[in-house]
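In: Below is the structure, and that's it, no one-letter string:
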C-alpha cells in the first residue's frame, strides 16, 4: 500500500501536479453548532450585519404602499379608533377609567409593537431558508435583526403615541417619570426577542404554528387589559393573578402609571417584567442554539 501511494505521488509529480498537504484542524462543518459561548461571540461579530440589515428593512419595509412607512403609525391609530368606538362608546368599558383615550392609546400602541416583533421574529427562520442554506452564519442573527428593526421602526410610533396623549383631553403633564418609559420599553424588547427565538425554532419545524400565532396574540391582547380595566371585569382571584403576572400587562401598567397617573410603578411590576424579559431571553437563546444544525437541513 505504501509503494502504491508513493507511485501515485510520483505519477502526479511527473504530470506537473503538485500535492500540497492541507491541515483541517480548526475547520468546522458547514452549519455545525459551536459551543454556546462561541455562538454568542459569533453573534457579536455579526453585529454590523444585524444593524445594517435592520436599517435597510425599515427603509424598504412599506415601499410597495403609497403611504409607505406611515402605515406603521396609521395601523395602531385606526385600531385604537375602532376599539374606542366599540368598547369605549358602545360597550362602555371606559367607565371608571380616568383618561380612557390615553389608557387606550398606550394599550393599543405598545401591544402592537410586541405583536409585530414576536410575529416577525417567529417567522424569521422560515422566511429565510434560502439564505440559511447558502451562507454560514449564526442563525440567531435573523430574529435578532428582526427585533432591532422593530425597535427602530417603533420610534416614530412611540412619539406619535405621546403626542396623542398630549393632544386629547385631559391633557397630561410631562414629569420626570416619563423617563421611566425607557427601561420599560427595553424590558419589553428583551421579552419580545426571547419569545421570538423560541417560536422561530418551533415554526422552523412545525409551520402550522404560524396559523395559531395570530389567534394566540388576539387572546393575549384581551388578557392584557388593552381597552378595559381588569379590576372592573375580573373578580376571580386566580384569573386576577394570571393577569397581574402577564408580562405585557405589566408593560402597559408601568407606562400608564408613569405617563397618565404621575405615579411610580410598583416594584412588583418591575420585578415580574424583568423576570419574564431576561428569563425568556436566556431560555430562548439556549433553545434556539440547540437546534442550530437543524436549520440547514430543514
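Out: On my side now, so go ahead. Predicted model only: the values in this text are computed from it and were never measured.

In: how about the closest residue to residue 83 other than its chain neighbours, phi and psi?
Out: Nearest non-adjacent residue to residue 83, counting by C-beta to C-beta, 6 or more residues apart in numbering: residue 227, 4.7 Å away. For the C-beta atoms, the positions are set from N, CA and C on the backbone; glycine is no exception. Backbone torsions of residue 227, given as degrees, to the nearest 10, read phi -130, psi 20.

In: Could you do residue 171 as well?
Out: Torsion angles, degrees, to the nearest 10, at residue 171: phi -70, psi 130.

In: picking that back up, looks like the residue nearest to residue 83 contacts residue 81 (just checking).
Out: No. Contact between residue 227 and residue 81 fails when scored by C-beta atoms under 8 Å: they sit 11.6 Å apart.

In: neighbour-wise, which of those two wins?
Out: residue 227 (25 against 13; other C-beta atoms under 10 Å).

In: all strands for the stretch 151-298 of the chain, in order.
Out: In the stretch 151-298 of the chain, no strands are defined using DSSP state E, counting those that start in this stretch.

In: pLDDT weak spots in it?
Out: For the stretch 151-298 of the chain, applying pLDDT under 70 flags the ranges 232-234, 296-298.

In: residues touching the nearest residue to residue 101 once chain neighbours are set aside, list them.
Out: Nearest in space to residue 101, with sequence neighbours left out and distances taken as C-beta to C-beta, 6+ apart, is residue 168 at 4.7 Å. Residue 168 makes contacts with 101, 102, 105, as judged by C-beta atoms under 8 Å, 6 or more residues apart in numbering.

In: Tell me how many other residues crowd the first one.
Out: By the criterion of other C-beta under 10 Å, residue 101 has 19 neighbours.

In: my guess is it contacts residue 84, does it?
Out: Yes. Residue 101 is within contact range of residue 84, at 7.0 Å (criterion: C-beta under 8 Å).
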